[in-house]
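Asks: just the structure for this:
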Amino acid sequence: MIRLQALAPLMLGAASVLALASAPAAAQNAPAADAAFATFTPSDTPNSDGIDYSIWDEAMSNLVISMGPSLRETAGRPTPGLGTRRQYGHISRYRLEGTRIMFTFLDSEVIASFTEYREDLERTADIVDIQALNRNEQLAYWINLHNVAMIEQIANAWPVRQPREIKVDGVALDDARFITVEGIALSPRDIRERIVFANWSDPRVIYGFWRGEIGGPSIQREAYNADNVSRLLDRGARDFVNSLRGTQKRGNTLDVSELFEEVAPFYFADFDTDLRAHLAQFANEDTAALLSSTTQIDANVNEYDIADLAGGVREPTYSNVTSADGNSYSFRIPQSMARLLQQREQKFQRIIREGRTGTVTFSNIQLPGDPENDEVE
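Replies: Modelled structure (predicted):
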């Protein structure tokens, strides 16, 4: 029995923190799937079984904070705290983009819950024939397992500035085979590249995998499942493509995330042409203008700092949280975190003042013109 329910009382305190913030086909030359992973090839005759991720869904709603849509503006470097030259918290120019995990507030019991849930997902493959599920069910399983495992290991290692510094039994986190499914040891990279990228031709899948870094795709505030996986991948694609950490303009060059070059062997064989076509599918007006006003692409955008609220450090100075109605809370947070949440609030207030529109998402209903089966291929 997993203990993720422990998140509920824990996040009651963390919730008060938010008072500060106002309550195309696969590339033809894609690497061949490793023979050892052929067992994970999706079946041609799927069944109707499904997996319930409601516990992870609740955890995500409590753990993840959205920094809101990108305004395509660099966040200036914050000033050091009073009486010190040391800079605590996030200094990244992308710190007001994407989503964050609240690692600061996780105690040992909650962290143990992540390990327990990851192991529960591993055991699920001994009960349910994963390869025989429909493609959306399978994809949701692999994305959730990957992201649970990443959160687990980062939580175990926290505080840490960059997830790529983490080692599991001496091996870099991304390549450490600490996950076991059907008796086969897997790393997070194996799940992405040897299972999903090898068997799914839709490049949207790259936006489902969370790497723990500010510069990567956002983690969603809900678990993936067969019904929402296409919608969440669309959301992740639009968020990333239309952000500074995804695309920027430098003279006649479109600077893009290193992620696109990393997945190019699977999805963007003719890199410039294929990537531009992909970006155009999700580009808003501003990003479309970048595409039309550049003639070459350079994959040089990155940010490896941890996607948390504290910058991967324990700060010795704290602030009391005060709600918008003036009520004082006993809950204390690091000063740098309070500053980041205040900047987040200022950003949201600007979005409201400028009348920037958001998105409305319809889930689990059929609208006129919708495809009968929104399957991710």
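Asks: remind me what the helix or strand hosting residue 151 packs against, helices and strands.
Replies: Residue 151 is part of helix 135-157 when elements are defined by DSSP states H and E. Judged by 3 or more C-beta pairs under 8 Å, 6 or more residues apart in numbering; DSSP states H and E, the packing partners of helix 135-157 are helix 54-63, helix 108-127, strand 179-181, helix 188-189, helix 229-241. For glycine as for every other residue, the C-beta is placed from the backbone atoms N, C-alpha and C.
Asks: what about residue 195, distance to residue 341?
Replies: 37 Å (C-beta to C-beta, to the nearest Å).
Asks: between these two, which is the more surrounded one?
Replies: residue 195 (26 against 23; other C-beta atoms under 10 Å).
Asks: how many residues are close by the residue lying closest to the more buried one once chain neighbours are set aside?
Replies: Closest residue in space to residue 195, ignoring its immediate chain neighbours: residue 40 at 4.8 Å, by C-beta to C-beta, 6 or more residues apart in numbering. Residues near residue 40, counting by other C-beta under 10 Å, number 24.
Asks: now the angle between helix 54-63 and the helix holding residue 151, please.
Replies: Angle of helix 135-157 versus helix 54-63, following axes from the mean of the first three to the mean of the last three C-alpha atoms, to 10 degrees, is 50 degrees.
Asks: restrict helix 135-157 to CA atoms and write it as PDB.
Replies: Only the C-alpha atoms of helix 135-157 are listed here, as PDB (Å, rounded to 0.1, in the frame of the first residue of the first chain):
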ATOM      1  CA  ARG A 135      -1.200   2.200 -27.600                       C
ATOM      2  CA  ASN A 136      -2.400   5.200 -25.500                       C
ATOM      3  CA  GLU A 137      -2.500   2.900 -22.400                       C
ATOM      4  CA  GLN A 138       1.000   1.700 -23.000                       C
ATOM      5  CA  LEU A 139       2.300   5.200 -23.700                       C
ATOM      6  CA  ALA A 140       0.700   6.600 -20.500                       C
ATOM      7  CA  TYR A 141       2.300   3.700 -18.500                       C
ATOM      8  CA  TRP A 142       5.800   4.400 -19.800                       C
ATOM      9  CA  ILE A 143       5.600   8.200 -19.300                       C
ATOM     10  CA  ASN A 144       4.300   7.800 -15.800                       C
ATOM     11  CA  LEU A 145       6.900   5.200 -14.800                       C
ATOM     12  CA  HIS A 146       9.700   7.400 -16.200                       C
ATOM     13  CA  ASN A 147       8.500  10.500 -14.400                       C
ATOM     14  CA  VAL A 148       7.900   8.700 -11.100                       C
ATOM     15  CA  ALA A 149      11.400   7.300 -11.300                       C
ATOM     16  CA  MET A 150      12.900  10.700 -12.000                       C
ATOM     17  CA  ILE A 151      11.100  12.400  -9.200                       C
ATOM     18  CA  GLU A 152      12.000   9.600  -6.800                       C
ATOM     19  CA  GLN A 153      15.700   9.800  -7.500                       C
ATOM     20  CA  ILE A 154      15.900  13.600  -7.500                       C
ATOM     21  CA  ALA A 155      14.000  13.700  -4.200                       C
ATOM     22  CA  ASN A 156      16.400  11.200  -2.800                       C
ATOM     23  CA  ALA A 157      19.400  13.300  -3.900                       C
END
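Asks: contacts for whatever helix or strand comes next after it next, please.
Replies: Tracing the chain past helix 135-157, the next element assigned as helix or strand by DSSP H and E is strand 167-168. Strand 167-168 is contacted from outside by 153, 173, 176, 178, using C-beta atoms under 8 Å, 6 or more residues apart in numbering.
Asks: the second one: what's it in contact with?
Replies: In other words, residue 173. Shown in contact with residue 173 (C-beta under 8 Å, 6+ apart): 150, 153-154, 163-164, 166-167, 188.
Asks: what part of this structure, helix or strand, is modelled with the least confidence?
Replies: helix 7-17 (a mean of 44; mean pLDDT, DSSP states H and E).
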